[in-house]
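Novice: A predicted structure for the sequence below; I have some questions about it.
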Amino acid sequence: MSDQSPETTNKGTILLVDDDKFLLDMYVLKFAHEGYTVHGCLSVADGLAVLNKGFPADAVVFDIIMPDQDGFAFLETMKVQKLGEGAVKIALSNQSNEADQTHARDLGADLCLVKASLIPSEVVNIVGEEIAKRKHK
């Protein structure tokens, strides 16, 4: 779908998967503006294809509710195929119920963020903090 990378120093690489084109494009631009290399995908199938081609994601940020395959299927497939193993996996969804968040964590999500409760710059900051923590382990 889209790759964005500014000429500044690279803070990390991010794979974004969300079926909402407006939100996906907005987050791709936000992360790129902050110095990240970003690849945006509109479906789980596209996200998996990018990872299978070797995209070196430091973070995988994905929606839970999507047509065809959801974020839970995405996490399951990533685990089975050993994709994005070193990446921080962050669910960014409007699913705020605890059962869905627990299910996402059980499948390998490191963090669950509720879109409606955060502004985009907060999401960028949280993802950046998680990448930094992972790199310093």
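Specialist: All right, it came through fine.
Novice: how near is Asn10 to Ala116?
Specialist: Noted for Asn10: a distance of 30 Å to Ala116, by C-beta to C-beta, to the nearest Å. C-beta here means a position set from N, CA and C on the backbone, and glycine is covered the same way.
Novice: Between those two, which has more neighbouring residues?
Specialist: Using other C-beta atoms under 10 Å as the criterion, Asn10 and Ala116 rank with Asn10 on top: 11 against 7.
Novice: ok, the more buried one touching Glu34?
Specialist: No - at 10.7 Å, Asn10 does not count as touching Glu34 under the criterion of C-beta atoms under 8 Å.
Novice: ok, for Thr77, nearest residue in space, not its chain neighbours?
Specialist: The shortest distance from Thr77 to any non-neighbouring residue, by C-beta to C-beta, 6 or more residues apart in numbering, is to Leu48 (5.9 Å).
Novice: Just to check, Asp25 is in contact with Gly40?
Specialist: Yes - at 7.0 Å, Asp25 counts as touching Gly40 under the criterion of C-beta under 8 Å.
Novice: With neighbour numbers in mind, choose between the two.
Specialist: Gly40 (27 against 17).
Novice: Would you list the phi and psi of that one?
Specialist: When read as degrees, to the nearest 10, the backbone of Gly40 gives phi -110, psi 140.
Novice: Does it have any beta-bridge partners, and if so which?
Specialist: Counting by DSSP bridges, Gly40 is bridged to Ser2, Leu16.
Novice: okay, it: pLDDT?
Specialist: With respect to pLDDT, Gly40 scores 98.
Novice: And it, how far from Lys135?
Specialist: For Gly40 relative to Lys135 (C-beta to C-beta), the value is 22 Å.
Novice: Likewise for Leu83?
Specialist: Taken as C-beta to C-beta, the span from Leu83 to Lys135 is 19 Å.
Novice: More neighbours: the two, which one.
Specialist: Neighbour count, other C-beta under 10 Å: between Leu83 and Lys135, Leu83 has more, with 20 against 12.
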